[in-house]
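1. model this:
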Amino acid sequence: MPGDQRRTNLLKLYRDSLITKGGSKYVLDFAMYGKNDTLLYWLFFSTNHIRGLEEMKKAMWSVDDSGGFRFSDRDNPGQLLLLKGLDDTWLADELSRRLAGKTVTVEEVKTFVLTETPHYLFKGALRKLEMDLRVVKPVAPRIGRKPGTYPDEDRSMKLSFAGRGLFAA
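-> Residues are numbered from 1 along each chain as shown. All right, here's what the predicted structure looks like:
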């Protein structure tokens with residue numbers, strides 16, 4: 001197999017083994033690069049608790065906020081990264097596209113973000129979808145709720161996602 005395909009298959013095999021043979025519910029990987037920007041090794045994190053997944057993503061984003069989960073000895077912390085495209089707008093589009101036509105709780109959105117995207121923060125994307133784009137509509141929100149807010153105590157509040165993606169006509 002060519003190098004990239006071989007690497008992808010080995011990563012998938014190891015990740016799948018951590019889940020099936022190791023009994024892990026959630027698995028993240030993090031690429032470590034050397035001074036010449038060559039791949040040295042991969043770090044894997046596995047857990048059965050969604051909170052552990054969230055904390056690991058926070059730690060990974062503190063090293064690489066591109067969502068690519070990559071660290072290089074060569075990277076200068078003061079430098080702008082080329083892959084800084086995974087912001088609230090990217091996540092809003094992803095949520096809009098993948099949850100279109102569904103009604104889910106705020107807690108289910110959080111779980112989806114943690115398990116299906118590189119992100120761990122999601123409230124900014126929800127705010128954008130509700131306030132700016134009118135793609136998300138709260139279902140029977142509590143009285144006095146400020147639009148565009150998702151307090152932790154309201155994680156069971158249901159949100160209805162419009163039946164089309166963010167950039168649909």
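
2. which SSE is immediately downstream of the longest helix anywhere in the chain?
-> The longest helix of the chain (DSSP state H) is helix 3-20. Using DSSP states H and E, the helix or strand that directly follows helix 3-20 along the chain is strand 26-33.

3. from the contact counts, what lies against the following helix or strand past that following strand?
-> Past strand 26-33, further along toward the C-terminus, the next helix or strand under DSSP H and E is strand 39-47. In terms of contact count using 3 or more C-beta pairs under 8 Å, 6 or more residues apart in numbering; DSSP states H and E, strand 39-47 is assigned the packing partners helix 3-20, strand 26-33, helix 50-63. C-beta coordinates here come from the backbone N, C-alpha and C atoms, glycine included.

4. so can I have TSV of those showing distance to Val136?
-> Putting these into TSV (distance: least, C-beta to C-beta, whole Å) gives the following:
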stretch	distance to Val136
helix 3-20	31
strand 26-33	25
helix 50-63	21
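
5. in terms of mean pLDDT, which of the ones you listed ranks lowest?
-> Set side by side, these give their lowest mean pLDDT on strand 26-33, at a mean of 82.

6. who does it pair up with?
-> strand 39-47 (antiparallel), strand 70-72 (parallel) (DSSP bridges).

7. now the angle from that strand to helix 3-20?
-> Using axes from the mean of the first three to the mean of the last three C-alpha atoms, to 10 degrees, the direction of strand 26-33 lies 150 degrees away from that of helix 3-20.
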